[in-house]
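**Q** The sequence and its predicted three-dimensional model are supplied below.
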Amino acid sequence: MRHATFRQLKIFEMVASHLSFSRAAEELHLTQPAVSTQVGKLEEHAGVPLFEQLGKKIYLTPAGREMLEFCKTISLQFQNVEEAMAQCKGVSGGTLKVGVISAGDYFFPRLLVQFAKENPGVHFDLAVHNREELLHELANNLTDMAIMVRPPLEMDTVNESFAPHPYVIVAAPDHPLAGRKRISMAQLSKEKFIARERGSDTWHSMEEGFHGKLDHLNIAMEIKSTETIKQAVIAGMGISFLSAHTIGQELKAGSLIVLDVVGFPVMLNWYIVHRQNKRLPPVALAFKRFLMEKGAHLIEDITQVTRKFGK
């Protein structure tokens, strides 16, 4: 193993985590043959096969499982070195690694711009994910912190709320329910819903908003993209449950309206989430303070919806 490279170990670790050469190649921005070649070289260094293929699926061999544990340990040591060096840099010159659920990309870049104005020299490594992908980032120490609505219950995380997050029912301006007051759940259940995909933060928020009774709704489609959902609603294909922070431009343009539904808006919160034992670098600690002190006010100014729907 003395001739194995760190690159080969990282590529192997990615393949092992997904049990897929094609998925690893996609995430690493490499070709699948390049990934296969590097894994093959690592197997030559190890002297034993690390994967076996049964049908169309690949599995780790016993040696592969051992290798994966060592790879995780090595990766963690490199991460510790990077964090120690970041501590030496301080805030200026540091890189903030942060992930946000997709509803946050309607305002989050502007929060980063404001933070950069107050902290010149800061660099950003920003990723926008759905909830499942964001939890994967946290679990594998790929991000310093996550900005989300529903902190994980199954992970050792620190979760701190910093801003309100309203959810509403949206429709096209010419929808039959437009302009009606105090729409009941019974009326709403007759309408076609266009929903975010199961497992997303919005889906779970929708479950909470409807008290777990989503089976009473007529969910016609599940779509992964909030933008596509908005366009479908504008076209008259149905109504939807969405974050109010994602519809500011459409409300201003008059292409979407918010229905007056009993029990709405559903008021949840934005959370800063990071691992319990994560040693946050100075730039991440500074950004956390920034969000706790200014995040709610800035989001309200950017989206112009929180004051409209109450706090």
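**A** Thanks, I have it.

**Q** Would you mind listing the outside residues contacting stretch 252-261?
**A** Stretch 252-261 is contacted by residues 168-173, 175, 177-178, 180-183, 185, 188, 230, 233-234, 239, 244, 247, 250-251, 265, 304, 309 when judged by CB atoms under 8 Å, 6 or more residues apart in numbering. Backbone N, C-alpha and C define where each C-beta goes, glycine included.

**Q** could you redo the last one with a cut-off of 6 Å?
**A** Residues from elsewhere that reach stretch 252-261, judged by CB atoms under 6 Å, 6 or more residues apart in numbering: 168-171, 173, 177-178, 181, 183, 234, 247, 250.

**Q** Which among these count as buried?
**A** Neighbour-count burial (16 or more other CB atoms under 10 Å) applied to the contacts of stretch 252-261 gives 168-171, 177, 183, 234, 247, 250.

**Q** could you pull out the helices for the stretch 151-300 of the chain?
**A** Secondary structure of the stretch 151-300 of the chain (DSSP state H, counting those that start in this stretch): helices at 185-188, 201-209, 226-234, 248-253, 282-290, 296-303.

**Q** And the strands in this structure?
**A** Taking DSSP state E, the strands of the chain run over residues 51-54, 57-60, 95-101, 123-129, 145-148, 157-171, 192-196, 218-223, 240-243, 257-258, 266-275.

**Q** Number of residues surrounding S22?
**A** Number of residues near S22 (other CB atoms under 10 Å) recorded here: 11.

**Q** Likewise for D144?
**A** Neighbours around D144, by other CB under 10 Å: 27.

**Q** try L60
**A** By other CB under 10 Å, 18 other residues sit near L60.

**Q** bridging residues for it?
**A** Beta-bridge partners for L60, by DSSP bridges, are F51.

**Q** what's the average pLDDT for stretch 172-182?
**A** Mean per-residue pLDDT for stretch 172-182: 95.

**Q** Who are the packing partners of the helix ranked longest in the chain?
**A** Criterion DSSP state H: the longest helix present in the chain is helix 62-89. Using 3 or more CB pairs under 6 Å, 6 or more residues apart in numbering; DSSP states H and E, the elements in contact with helix 62-89 are helix 6-18.

**Q** Among the helices of the stretch 151-300 of the chain, which comes closest to H45?
**A** Closest approach to H45 among the helices of the stretch 151-300 of the chain (CB to CB): helix 282-290, 35.8 Å.

**Q** Can I get that closest one in PDB? Just the C-alpha atoms.
**A** The C-alpha trace of helix 282-290 is given here as PDB (Å, rounded to 0.1, in the frame of the first residue of the first chain):
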ATOM      1  CA  PRO A 282     -13.300  31.300  12.700                       C
ATOM      2  CA  VAL A 283     -15.100  32.200   9.500                       C
ATOM      3  CA  ALA A 284     -17.900  29.800  10.300                       C
ATOM      4  CA  LEU A 285     -18.200  31.000  13.800                       C
ATOM      5  CA  ALA A 286     -18.300  34.600  12.500                       C
ATOM      6  CA  PHE A 287     -21.000  33.700  10.000                       C
ATOM      7  CA  LYS A 288     -23.000  31.900  12.700                       C
ATOM      8  CA  ARG A 289     -23.000  35.100  14.800                       C
ATOM      9  CA  PHE A 290     -23.900  37.200  11.800                       C
END
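
**Q** packing partners for that helix?
**A** strand 95-101.

**Q** ok, residues contacting the strand it packs on?
**A** 108, 123-129, 131, 134, 137, 143-148, 201, 283-284, 287.

**Q** residues touching E222, list them.
**A** With CB under 6 Å, 6+ apart, E222 has these contacts: 195, 197.

**Q** beta partners for it?
**A** Here E222, judged by DSSP bridges, has bridge partners A195.

**Q** Just the pLDDT at it, thanks.
**A** E222 is given a pLDDT of 95.
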